[in-house]
Structures are given as structure tokens and as C-alpha cells.
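**Q** From the sequence below, what's the structure:
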Amino acid sequence: ASQSVSGNDTQRQSIKEPHKGRNHNELPTSMALMRAAARRAAAATSLVRCSGGRRERCGAPLRAIPLPNSIHSTPHASFANRGTSISRPSSIPAPLSAPHHPEIKATRRRFSSDIPEPTIDVQSIQDAIVERGPEMSEQLAANGYFTCTAFLPRSTIELLRSQSIELRNKGRYEPSWSEKVRDDGTVERFDKEGVYACEPDGQDYYDAPDLITYMSVLLQTLPMVLNGQQPTSALDLSNASFNAKLAVTTPGGSKYPLHIDNPQGVSVGDTRKLTCILYLNPDYKEDDGGELRIFLKSKDGRDVDELETIDLTPEGGRILMFFSDEIPHEVLATAPNGAKDDASLDRYALTVWIPTTNVASLHNESSEFCDLKDLAFP
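**A** Next up is the predicted model:
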């Protein structure tokens, strides 16, 4: 059914997730993280992406640092049959080290020579994205969203959840909020009761190395894969910047209202095109609630202006992607009958937003999903 969110009977509002784009060059700047990034870049068998005729390795935390002068991309043969094959380096390069940069100061995170090494399997994440690439592209183009369960194994989800909890214990989370955008363009902030969030970045590497590494691999791999598939080639997704949120929705009925992540687009400098959510709830049960409800046009022959809903459980290992600028969605009550202090019922989700360099793809009137906003917020 169609739903609306309004403050009164005369003024329409839509709700958005706040945009705070981050450039990779903002992220880890300490020498310790630079050395760690270089080691992991050298150790991983990495994807090769086409970027001005040069090669770039995946695997370093968020490609967040200016690579040292000793680490160069090298020319490679251009992709043949782009979208059907992805080249990989034939050999693993020798370990790399970073030069001394005395002007780089320690960040707000602790500075230590004891750099944690991630245990997450980088290659398996890259393979999962590459192998599902054609299906992801087809489903996004046809339906506006893609999802699958067991995208990552339970052991990995448990590890990412434990590091998410560690960040929460370190005080990184704060009460989550969103914004109401009225027809006249005015914006009103409101808090989401029982929802807490942080914006993880490279400076969280010490406390959450695997979480940051997963984000890096996703950002380095997914845009290239989807841009290389014909159904989504026009999206021109970019990994030059990103926006991320690690959120926990607590039991007792906490939820998100109906909203679109990026309802305003380039008018406010927001170029987010693809929302990618990984759920970190390995012990999720059917009555735990917290489903994400997507609103789409009915495809069963009913009124074309009728909306249908699809509810997706936040079970651990599910990945969900949808168009940030077009797909209305909400989060249903989390464990409505659960005790508010039952941490086992906390619903964790890691969201990474990927921008586009093709601003014409945002709120494109020729898209079959362009009028979902008007139908969801009449």
C-alpha cells in the first residue's frame, strides 16, 4: 500500500538519509596505516580495473591514502569484451614499504607499531562480487534492487559484528537522525528513537580492521564490476569518494520511517546512486523483526499506480543493493516484543553508498522507477 510522511495536511514531506560524502584522501594518514595498506596491497591477489590505461590494486583500507612514490600503478592491456571478463595480475608483487613522511601526524586513533592484520578473506569477497556481477546488474536494471543471502559466510559475519560492537563500546556511535525535506525545500532534522550509528572510516582500522577491509574491497570492486555489465554500464559508479554508516537498531520496536536515501540529488551536491547494505545478524530469527520493506510498482496487472511491498529479513550474510535516488524503503519494528536491553536482538547493518559520475542518471525521468517517490509520498 502507498504510504506518506507528512507534518500536516497541506505540506508534503519526504525523508532522506543525511549525506556526508568522504574523499578517500581524508582517511588514514598515519605512517602505521600506510605501511599496513602497502603490505596488504602487495599480499592480496587483486582485481585490475580500467582507469586511464593504468592498473590499481584492491585491498588497502579504502584506498584512503596517497600511495607512496614507490608504489606505482603499471600499464596493462585494455579489457577485451569488457563486462564479460575481468583480468587479474599474473603474479603477486614483492612486499612494499612506505617512505618516511615526518609531516604526517598521528590521528585521533592510537598510533602504534602493533598494526592488526585483518583475517577476512579478501579474495573470497572479490570472487563473490565478480561471480554475482551479471545477476546483480540484471536485477538492478529490471527491479531496482538486488539481494541474496549467504553473501559472506557466518564466521565472517560474526567477526564483522564483533568489531561493530567494539566500535560501539569505544563510544563511536551516537543517536541516529534523518531529515525531512518539504516541497518548499526546507529541511528539518529529527532523531530516530532507539537507533544509533557511526560513520566508519580508515581511522577505525585499529579497532575494526576486517570491517574497514570489507568496505575497501567493496568500494574497489563493485563499481568496476557493475560498470562493466551492459544493463548497468550507464550508471558510471565511482569509488573516488564514499559515504558509509554502521547502524544498530535496538529491540523494543525501533524502526526507520519511509524514506528515499537521496531524494534531492545534484541540487544539494548529493551524487549517491547505489545503496549497498550488509546485514550483521548471524543469529537472526524470523520473529526478530527489523525487516527492510521496499516499495515498488505492482507487476501483477493491477493499477499501474498501485504499490506493492517486499519485506527482506536482516539475516546475517544478506547483501542488499538498490538505487539510492529512487527506491522508497523503511525498516519495520525491531524485536517489538523484545527487552530493550537484550543485546542479542540488536540489529546491525553496514551501509555503503556509492556515487555516480553521470549525474544525468540521478532522478532520470526515463527511468521506470522515477515516479516511485510521488507514489510513495502522495
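
**Q** What is the neighbour count of Ile277?
**A** 21 (other Cβ atoms under 10 Å). For every residue, glycine as well, the C-beta is placed using N, CA and C.

**Q** Can you name the element that comes right after the helix or strand hosting it?
**A** Assigned by DSSP states H and E, Ile277 belongs to strand 272-279. For strand 272-279, the succeeding helix or strand toward the C-terminus, using DSSP H and E, is strand 292-297.

**Q** Just the buried residues of that following strand, please?
**A** 292-297 (16 or more other Cβ atoms under 10 Å).

**Q** Just checking: what are the partner strands of that strand?
**A** Using DSSP bridges, the strands paired with strand 292-297 in its sheet are strand 307-312 (antiparallel), strand 329-334 (antiparallel).

**Q** what's the most buried one of these?
**A** Ranked by mean neighbour count under mean count of other Cβ atoms under 10 Å, the strands paired with strand 292-297 are led by strand 329-334, which reaches a mean of 21.

**Q** any idea of the angle the helix or strand following that strand forms with strand 272-279?
**A** Counting by DSSP H and E, the element after strand 329-334 in chain order, helix or strand, is strand 347-355. Using axes from the mean of the first three to the mean of the last three Cα atoms, to 10 degrees, one finds that strand 347-355 and strand 272-279 are set 160 degrees apart in direction.

**Q** strands paired with strand 347-355, and their directions?
**A** Here, using DSSP bridges, strand 347-355 pairs with strand 241-249 (antiparallel), strand 272-279 (antiparallel).

**Q** Help me confirm that Glu166 comes into contact with Asp204.
**A** No - in this structure Glu166 lies outside contact range of Asp204 using Cβ atoms under 8 Å: 9.4 Å.

**Q** So which of these two has more stuff around it?
**A** More neighbours surround Asp204 than the other of Glu166 and Asp204, with 24 against 15 (other Cβ under 10 Å).

**Q** Backbone dihedrals for the more buried one, please?
**A** With angles defined as degrees, to the nearest 10, Asp204 sits at phi -90, psi 10.

**Q** mind listing what it touches?
**A** Taking Cβ atoms under 8 Å, 6 or more residues apart in numbering as the criterion, Asp204 is in contact with 109, 167, 172, 211-212.

**Q** how about low-confidence regions in the stretch 251-378 of the chain?
**A** Within the stretch 251-378 of the chain, the stretches with pLDDT under 70 are 300-305.

**Q** Could you rerun that using 90?
**A** Along the stretch 251-378 of the chain, the model assigns pLDDT under 90 to residues 263-264, 267-268, 286, 298-306, 373-374, 377-378.

**Q** now swap in the stretch 1-150 of the chain and tell me
**A** Using pLDDT under 90, the stretch 1-150 of the chain drops low at 1-117.

**Q** rerun at 70
**A** 1-113.

**Q** all strands for the protein, in order.
**A** Assigned by DSSP state E, the strands in the chain fall at 5-6, 12-16, 22-23, 145-148, 174-182, 187-198, 241-249, 254-259, 272-279, 292-297, 307-312, 319-323, 329-334, 347-355.

**Q** Throw those strands into CSV and include distance to Val122, thanks.
**A** Output for the strands of the chain, formatted as CSV (distance: least, Cβ to Cβ, whole Å):
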stretch, distance to Val122
strand 5-6, 40
strand 12-16, 33
strand 22-23, 21
strand 145-148, 20
strand 174-182, 30
strand 187-198, 23
strand 241-249, 18
strand 254-259, 31
strand 272-279, 15
strand 292-297, 27
strand 307-312, 27
strand 319-323, 16
strand 329-334, 30
strand 347-355, 16
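
**Q** Sweet, I'm off.
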